[in-house]
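Peer 1: Can you look at this prediction? I've put the sequence above it.
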Amino acid sequence: MGLRLSFCRQSTDKAAQLASSSAAPKTEPEMLLSKLSPRSMAQTASNAARSMSSEASFQVKDYKLHKLEQGPSTNVTVTRDDALKYYHDMVRVRRMETAASNMYKEKIIRGFCHLYSGQEACAVGIEAAIRRDDAVITAYRAHGWTLTRGATMTQVLAELTGRQSGVQYGKGGSMHMYLPNFYGGNGIVGAQIPLGTGIALALKYKKTDNLCVTLYGDGAANQGQVFEAYNMAALWKLPVIYVCENNGFGMGTSAERSSASTAYYTRGDYIPGIWVDAMDVLAMREATHFAAEHCRTGKGPIVLEAATYRYYGHSMSDPGTSYRKREQVEEVRKSRDPIAHFKDRLLSSGLSTEEELKSIEQDVVKEVAEAVQIAKSDKELPPDELWTDVYPDNDQFKFRGVTPMSIKQGRKSARQQ
C-alpha cells in the first residue's frame, strides 16, 4: 500500500535549500537536523511512526431509523491501520476518476463516462464492513466500485479506453465492469435492483451466510421494480442490503422535484431502514456493519439511504451547472468533502501526520500515472474478438446437440476460410 514516511526525504530537501540560501539563517532545530546521518533520520521517522496513536474514537452524525428500535452506534472507533487504508482507498478512487475526466476531455475515452468523485466514502465504508465473498451489484456509476472490489487501477482505466488490459479486455467500457462477486456496472436505470434480489435468493438457496449489497440512486428509487423487489425480499427474508446512494440528483432533476417523499430509507415500508451520512466513511462503515449483521442473522432485507453528493455532472457530457450553481458544489467540497473531513480526523487524533498522508498521496499519484500510460498505449482488441467471451466455456451444456462454444468456434472457422 506504500504507507512509508516521507520525513527523511522532505527533511533532506529542506536542509539542502537552506544551505544554498544565504538570506535564510538556519534555526536551531534545522541545524540539528542537517547534522543527522541518513540512518539517524530514518530512525527518527521510525520513532515518529511508533509514537502515533494506535486507535481513536469519533462521534458521527445521528442516524435516522425506520422500524428499528435501535440503530448503529454513533461512537465509532477505528484503528490506525484501518484508518490509513480507508484514506488510501478514497484517495485512489478520487485520483483515478480525475484521470478519467482528463482522458475524456482529451477524447481518449469516448461514450458514456459516469464519475464517482464525491461519493468515495460510500464505497470504501461499505467495503470495510462486508466480506470479499459477499456480492455487490450497482448501477452505471461503477468505476469506484470496480476498484474497491479488487480490480487494479490499470484494469479500470484501460477498460475505459477500450484496451486489452482492461478488466473486461476493453469490451465493457464505463458501465459494464465485472469481477468475482461483483455483478456490475448496469446500464439500465434500476435494472440491478431485481438482479441483486435474485443474487440474494441464490445465496440463501445455497445456505451460505453471504449477503448481496444492491446499490441504486435516488433517480431509480421511484421505479416500480424497486417495490416488487422489496416485496419478494421481505416475503422470503433474503440477505440483501438495499443502498440508495442519494446524491441529490437523478440526472438533472433534484430529488425534491422527482419524489413525493425523499425519505428513501422509509420507502421499504415493512422493511427496516437507516439514513446515514455517507460523506463520513466511518458512519457508512458502522451502518453497513449493522445492516450486515441484520442480514446474516436471518432477519431479511434492510434499506440504507446513503446521503452523499457527486461533484461532476450526471456524466461527462453533463457540465452539471444548469440545475445547480457552481457555488453549491464548491461549498460541499469545502465543508463536507469525505476525504478532507477524514484527513482532519486523522491529524487531530494523532493517527497520522501530514508527512505520512502526503506520502500516501504521492504513491497514488505515481500509480495513476502508470495506469494512465498503459491505458493510453496498450493495444486495442482485434475485430475477431467480437465473437469471443459471448458464452461460458461449459461443454456440458448442449442445445440441439451442440454447445455454445462449438457455435462460436464454427463461426470463427467460417471467417478464416
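Peer 2: Yep, that arrived.
Peer 1: what distance separates the host helix or strand of residue 360 from the middle of the whole chain?
Peer 2: Secondary structure from DSSP states H and E places residue 360 in helix 354-377. With CA atoms, centre = their mean, to the nearest Å as the basis, helix 354-377 stands 17 Å off its chain's centre.
Peer 1: Please apply the same query to stretch 263-271.
Peer 2: Relative to the chain's own centre, stretch 263-271 is displaced by 24 Å; criterion: CA atoms, centre = their mean.
Peer 1: now the longest helix seen in the chain and helix 354-377, what's the angle there?
Peer 2: Taking DSSP state H as the criterion, the chain has its longest helix at helix 80-105. Angle between the axes of helix 80-105 and helix 354-377 is 40 degrees (criterion: axes from the mean of the first three to the mean of the last three CA atoms, to 10 degrees).
Peer 1: what's the next secondary structure element after helix 80-105?
Peer 2: Moving toward the C-terminus from helix 80-105, the next helix or strand (DSSP H and E) is helix 120-127.
Peer 1: Any chance you could list what contacts the very next helix or strand once past that next one?
Peer 2: With elements assigned by DSSP H and E, the helix or strand that comes after helix 120-127 is strand 135-137. Strand 135-137 is contacted by residues 126, 130, 145, 149, 181-184, 186, 192, 195-196, 199-200, 203, 210-215 when judged by CB atoms under 8 Å, 6 or more residues apart in numbering. From N, CA and C alone the C-beta is placed, and that goes for glycine too.
Peer 1: could you give me the average pLDDT of strand 135-137?
Peer 2: The average pLDDT for strand 135-137 rounds to 99.
Peer 1: could you point out which element follows it?
Peer 2: The helix or strand immediately downstream of strand 135-137 is helix 143-148, counting by DSSP H and E.
Peer 1: contact partners of that next one?
Peer 2: Here helix 143-148 makes contact (CB under 8 Å, 6+ apart) with 89, 92-93, 96-97, 100, 114-116, 119-120, 123-124, 127, 136, 138, 153, 155-156, 159-160, 167, 174, 177, 179, 182, 185, 215.
Peer 1: Show the contacting residues for the nearest residue to residue 112 once chain neighbours are set aside.
Peer 2: Spatially, and ignoring its direct neighbours in sequence, residue 112 is nearest to residue 174 (4.9 Å; CB to CB, 6 or more residues apart in numbering). Going by CB under 8 Å, 6+ apart, residue 174 touches 109, 111, 112, 113, 114, 140, 142, 143, 159, 160.
Peer 1: Repeat the analysis, applying 6 Å as the threshold.
Peer 2: By CB atoms under 6 Å, 6 or more residues apart in numbering, residue 174 lies in contact with 112, 113, 160.
Peer 1: tally of neighbours for the first one?
Peer 2: To tie it back to what came earlier, the one meant is residue 112. Neighbouring residues of residue 112 were enumerated by other CB atoms under 10 Å; the total is 15.
Peer 1: cool, and the second one?
Peer 2: For residue 113, the count of nearby residues is 22 (other CB under 10 Å).
Peer 1: pLDDT at it, what is it?
Peer 2: Each residue has a pLDDT score; the one for residue 113 is 87.
Peer 1: Show me where the stretch 201-350 of the chain has its helices.
Peer 2: Per DSSP state H, counting those that start in this stretch, the stretch 201-350 of the chain carries helices over the ranges 224-235, 255-258, 281-296, 326-335, 338-348.
Peer 1: what's the longest helix of the chain packed up against?
Peer 2: Applying 3 or more CB pairs under 6 Å, 6 or more residues apart in numbering; DSSP states H and E, we find helix 80-105 packed against helix 120-127, helix 338-348, helix 354-377.
Peer 1: try 10 Å
Peer 2: strand 55-59, strand 75-79, helix 120-127, helix 143-148, helix 153-160, helix 281-296, helix 338-348, helix 354-377 (3 or more CB pairs under 10 Å, 6 or more residues apart in numbering; DSSP states H and E).
Peer 1: CSV for the ones you listed, including mean pLDDT and distance to residue 230?
Peer 2: Formatted as CSV, the helices and strands packed on helix 80-105 follow (pLDDT from 0 to 100; distance: least, CB to CB, whole Å):
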stretch, mean pLDDT, distance to residue 230
strand 55-59, 98, 32
strand 75-79, 98, 29
helix 120-127, 98, 20
helix 143-148, 96, 22
helix 153-160, 98, 31
helix 281-296, 99, 14
helix 338-348, 97, 28
helix 354-377, 98, 39
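Peer 1: out of those, deepest packed?
Peer 2: Mean neighbours per residue, mean count of other CB atoms under 10 Å, is largest over the helices and strands packed on helix 80-105 for helix 120-127, with a mean of 28.
Peer 1: what angle sits between that helix and helix 281-296?
Peer 2: Using the same axes, to 10 degrees: helix 120-127 against helix 281-296 is 40 degrees.
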